[in-house]
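Give me a 3D structure for the following:
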Amino acid sequence: MNEAILLVGGKGTRLQPLTLSRPKPMVSVAGVPFLAHLVARARAAGIERLVMATSYLPETFRAYFGDGSAFGLRLEYVTETEPLGTGGAIRNAARLLTGGPDSPVAVLNGDILSGTDISLLVERHRAADADVTLHLTRVDDPRAYGLVPTGPDGRVLRFLEKPTTAADIVTDQINAGCYVFRRSVIDSIPAGRPVSVERETFPALLASNARVLGITDDAYWLDLGTPEALVRGSADLVLGRVASPALPGPCGEALLLEGARVAPDATVAGGSTIGPGATVHSGAHVSGSILLDGAVVEAGAVVRDSVIGAGAVIGAGTVLDCAVIGDRARVGSGNELRTGLRLWNGAVLAPDSVRFSPDPRTSIPAQSGVQHAAAL
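Have a look, this model is predicted:
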């Protein structure tokens, strides 16, 4: 039986306020929780059994996915009560694996949107008789990532920290957050304490001359850890730039879910998703954005590259760029926010209180009683 571990324990602080009431992998992306796209990809790759390594709001995952039968596979859940790091989470989940010591186990980070072929990665791992196989991707600017140089045969040479100077950039290859482990390697990770695979497990394997393989491809890849990346990934799914079996509708300029209402003279484009019961009123323009359940964009408002929380209201004539508006929050009419805004759940921004400012550190005035409002 083909097995995989999903690492879904992160709190997603960079995505607040969206993650105040839901784990990061359960934030809606192109009409469904992001994790549904990952589960569907795993199933399409032949994975029959998944173990979810949860931590933050673990009941949310079980409530949505259940035993996995509706998604064509079997799901098990493990919850860590204290942060264990990537390696510790993998080791903690391993107690529910059923394969033998040489069985391949796919491990997937729960916040990576990728078009790589997981089944091909497993095949390459088997063919090379590798101990661990890593999916690597190339990035234009690798300074924000750890680097993973490989030799001509694909074997990983080193795991390097984030480069601090140009001379430190020896490759543009980075860890893409998808691995295949030999089961016995997982069992060798110390149990019951935090372990980083990047800083501890993988370097130790290289030091012991284990066979660590890196496979680089040009498939779509995006880390959804920031609001900007989240809306971009959602738009790319809707536009068909990356495929997902879980997309709940055809690709196109917009994805309108059940009960969504868009006025005839409104514009919804750029891969936007309009959630169940959400409304876009007359003359409004929504581009590259996500409107969650019951969100409202009033007449003449402009929403670009933003996430509008469930039940939130964007007032008439308001302009939002790169904003994150929490659930049930309200942005009054006539505001213009071109530098980005995070408005917490239930907060209220008064009408005509904010105009464009080139300085994203500018304070955001709001009505008394506002919970949190901050410029990005």
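
residue boundaries of the strands in the stretch 1-150 of the chain?
Taking DSSP state E, counting those that start in this stretch as the test, the strands found in the stretch 1-150 of the chain are 3-7, 28-29, 32-33, 49-54, 74-79, 104-109, 112-114, 132-138.

residue boundaries of the helices in the stretch 101-250 of the chain?
For the stretch 101-250 of the chain, applying DSSP state H, counting those that start in this stretch gives helices covering 118-128, 183-187, 202-207, 227-239.

possible to save those as TSV with mean pLDDT and distance to residue 64?
The C-beta positions use only the backbone N, C-alpha and C, and glycine is treated the same way. Formatted as TSV, those follow (pLDDT from 0 to 100; distance: least, Cβ to Cβ, whole Å):
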stretch	mean pLDDT	distance to residue 64
helix 118-128	96	21
helix 183-187	97	26
helix 202-207	95	32
helix 227-239	97	18
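
among these, which is nearest residue 4?
helix 118-128 (8.0 Å; Cβ to Cβ).

which outside residues touch that closest one?
Residues outside helix 118-128 that contact it (Cβ atoms under 8 Å, 6 or more residues apart in numbering) are 2, 41-42, 45-47, 104, 106, 108, 130, 133, 135, 154, 178, 180, 211, 213, 215.

change it to 10 Å
The contact list for helix 118-128, computed with Cβ atoms under 10 Å, 6 or more residues apart in numbering, reads 2, 4, 38, 41-42, 44-47, 102, 104-106, 108, 117, 130-135, 153-155, 178-182, 211, 213, 215, 217, 219.

Dump it to PDB, keeping only the CA atoms.
Extracted C-alpha coordinates of helix 118-128, given in PDB (Å, rounded to 0.1, in the frame of the first residue of the first chain):
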ATOM      1  CA  ILE A 118       4.600  12.700  -7.000                       C
ATOM      2  CA  SER A 119       4.400   9.200  -8.600                       C
ATOM      3  CA  LEU A 120       7.400   9.900 -10.700                       C
ATOM      4  CA  LEU A 121       9.300  11.000  -7.700                       C
ATOM      5  CA  VAL A 122       8.500   7.700  -6.000                       C
ATOM      6  CA  GLU A 123       9.600   5.800  -9.100                       C
ATOM      7  CA  ARG A 124      12.900   7.600  -9.300                       C
ATOM      8  CA  HIS A 125      13.400   7.000  -5.600                       C
ATOM      9  CA  ARG A 126      12.900   3.200  -6.000                       C
ATOM     10  CA  ALA A 127      15.000   3.000  -9.200                       C
ATOM     11  CA  ALA A 128      18.000   4.800  -7.400                       C
END
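
Make CSV out of the helices of the stretch 101-250 of the chain and add mean neighbour count and distance to residue 174.
Putting those into CSV (neighbours: other Cβ atoms under 10 Å; distance: least, Cβ to Cβ, whole Å) gives the following:
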stretch, mean neighbour count, distance to residue 174
helix 118-128, 17, 16
helix 183-187, 17, 21
helix 202-207, 16, 13
helix 227-239, 23, 15
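
Save the ones you listed as a markdown table, and put in distance to residue 265 too.
Listed next are the helices of the stretch 101-250 of the chain as a markdown table, based on distance: least, Cβ to Cβ, whole Å:
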| stretch | distance to residue 265 |
| --- | --- |
| helix 118-128 | 44 |
| helix 183-187 | 57 |
| helix 202-207 | 55 |
| helix 227-239 | 22 |
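
Pull the contacting residues for residue 72.
Residues near residue 72 by Cβ under 10 Å, 6+ apart: 39-40, 42-44, 47-48, 245.

Low-confidence ranges, the stretch 101-250 of the chain, go.
Across the stretch 101-250 of the chain, nothing is flagged by pLDDT under 70.

what's near enough to touch residue 200?
85-88, 159, 189-190, 194.

Filter the residues you listed down to the buried ones and hand me the ChimeraX line.
Typed into ChimeraX, the next command selects the buried ones out of these (criterion: 16 or more other Cβ atoms under 10 Å):
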select :85,86,87,88,159,189
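
What about residue 341, how many residues nearby?
Residue 341 has 24 neighbours, counted by other Cβ atoms under 10 Å.
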